[in-house]
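Trainee: Structure for the following, please:
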Amino acid sequence: MTKASLKVATVQFELRPERTLQQYLDHMEGLVKRAAEQQAELVLFPELASTGLLAAVTDHEVTTATITSDYWKFLPEFTDDIVEGMRRMARDYNIVVAGGSHNRVAEDGSLRNTAYIAHPDGRIESQDKIHLTPQEHALGARGGDELLVTKVGPFTVGLLICADIQFPELSRYLVHKGVDMILCPSLTWNRRGVHRVRTGCQARAIENQLYVVMSPLFGTSGIPTDSPMFAVGRALIAGPVDKTVGVNDGILATTASADEELLVADLDHDLLVDSRAKPEAPGLALRRLDLYAKLQAEMGA
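Mentor: Numbering: from 1, shown residues only. Have a look, this model is predicted:
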């Protein structure tokens, strides 16, 4: 009989000075180990989780004048080793490590914000962030064009990185591909950003009758030294809002403190199937697809 639930963990991950690659990997592995000890089968880390490695720069002071070069030339040097570390952790702890996103320079020479998922069998899957912020455009980064769909336990899983969760077109495509859980690694540096991502997660969960698991980066590494970035946010797991799931605001779990924290929840796949089959509000089953096609045609889509 197929197991119909999945225990997931999402990390409220502290941005701190990481002065060596090993220090960063130890930080990450401590949380993977804690998730595995709580029988989690998947653990999610945030967007640009390795940003603290800017503290490993030793040949110059990292300031707003150097940050573009450091994002292009310094941080991507760690990414392959981070991914290999994730692969080992997934195997050693028998857990899917959705290890957040990291900077990389693609084969076409462009800077990408790329999220990676490591499976216990050694597979690595990845997806580039699609909708970049103005700050990322200013860095000269490029958005991706492909959406990952993968399987974890009973769930078909998609990945939307931070701002991508604010674009319902992407989640509708993922639902078309069978997705019933979305992972959202996130980095926001003001309260407006926090609410955009948090509201986006809840909206996507409601309108698509699926689970959304979000991991934020928080804190500061003191870098750039002349204008340090302060990341903010609280980890979140959201679901449908209906009598089947029975959680009136759709927030299945969230962190209560501003400290580094591991949020763990059992997600019931059968409950989601029931929610979709017997919607309280119109739901997926009552979409008007013919009308949507007409409206898209009128928009030239």
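Trainee: what helix or strand does the spatially most central residue of the chain sit in?
Mentor: The chain has residue 185 as the residue nearest its centroid, 1.9 Å off, counting by CA atoms, centre = their mean. Per DSSP states H and E: residue 185 is located in strand 181-186.
Trainee: All the strands of this protein, residue numbers only.
Mentor: 5-15, 42-44, 96-105, 111-118, 124-128, 149-152, 155-159, 181-186, 211-219, 236-238, 251-254, 261-268 (DSSP state E).
Trainee: about what we covered before: now find how far off-centre the strand holding residue 185 is within its chain.
Mentor: 4 Å (CA atoms, centre = their mean, to the nearest Å).
Trainee: Next, the angle strand 96-105 makes with it.
Mentor: 50 degrees (axes from the mean of the first three to the mean of the last three CA atoms, to 10 degrees).
Trainee: okay, the angle between strand 181-186 and strand 155-159?
Mentor: The directions of strand 181-186 and strand 155-159 differ by 30 degrees, with the same axes, to 10 degrees as the criterion.
Trainee: Quick check: the residue nearest to the centre of the chain touching residue 201?
Mentor: No. With contact defined as CB atoms under 8 Å, residue 185 does not reach residue 201; the gap is 11.5 Å. Every residue, glycine included, has its C-beta placed from N, CA and C.
Trainee: Residues that sit against both of the two, list them.
Mentor: Common contact partners of residue 185 and residue 201 (CB atoms under 8 Å, 6 or more residues apart in numbering): residue 214.
Trainee: List the residues that contact residue 94.
Mentor: When contacts are counted by CB under 8 Å, 6+ apart, residue 94 touches 36, 120.
Trainee: so who does residue 74 touch?
Mentor: Residues near residue 74 by CB under 8 Å, 6+ apart: 53, 54, 56, 57.
Trainee: Could you rerun that using 7 Å?
Mentor: Neighbouring residues of residue 74 by CB atoms under 7 Å, 6 or more residues apart in numbering: residue 57.
Trainee: Next, work out how far apart it and residue 57 are.
Mentor: 6 Å (CB to CB, to the nearest Å).
Trainee: Residue 114 now?
Mentor: 21 Å.
Trainee: shaky segments in the stretch 201-301 of the chain?
Mentor: Applying pLDDT under 70 to the stretch 201-301 of the chain picks out residues 301.
Trainee: Swap in 90 and give it another go.
Mentor: 258, 279, 281-283, 300-301 (pLDDT under 90).
Trainee: Just the endpoints, please. Distance across stretch 70-79?
Mentor: This stretch, stretch 70-79, spans 13 Å end to end (CA to CA, to the nearest Å).
Trainee: what mean pLDDT would you report for it?
Mentor: Summarised as a single mean, pLDDT over stretch 70-79 is 97.
Trainee: Work out the gap between that stretch and the centre of the chain.
Mentor: Its chain's C-alpha centre and that of stretch 70-79 lie 20 Å apart, by CA atoms, centre = their mean.
Trainee: And stretch 70-90, by the same measure?
Mentor: 17 Å.
Trainee: same thing with stretch 199-217?
Mentor: Worked out by CA atoms, centre = their mean, stretch 199-217 lies 11 Å from the chain centre.
Trainee: got it, and stretch 137-146?
Mentor: Relative to its parent chain, stretch 137-146 has a centroid offset of 17 Å by CA atoms, centre = their mean.
Trainee: Please identify the buried residues of it?
Mentor: 139, 141, 142, 143, 144 (16 or more other CB atoms under 10 Å).
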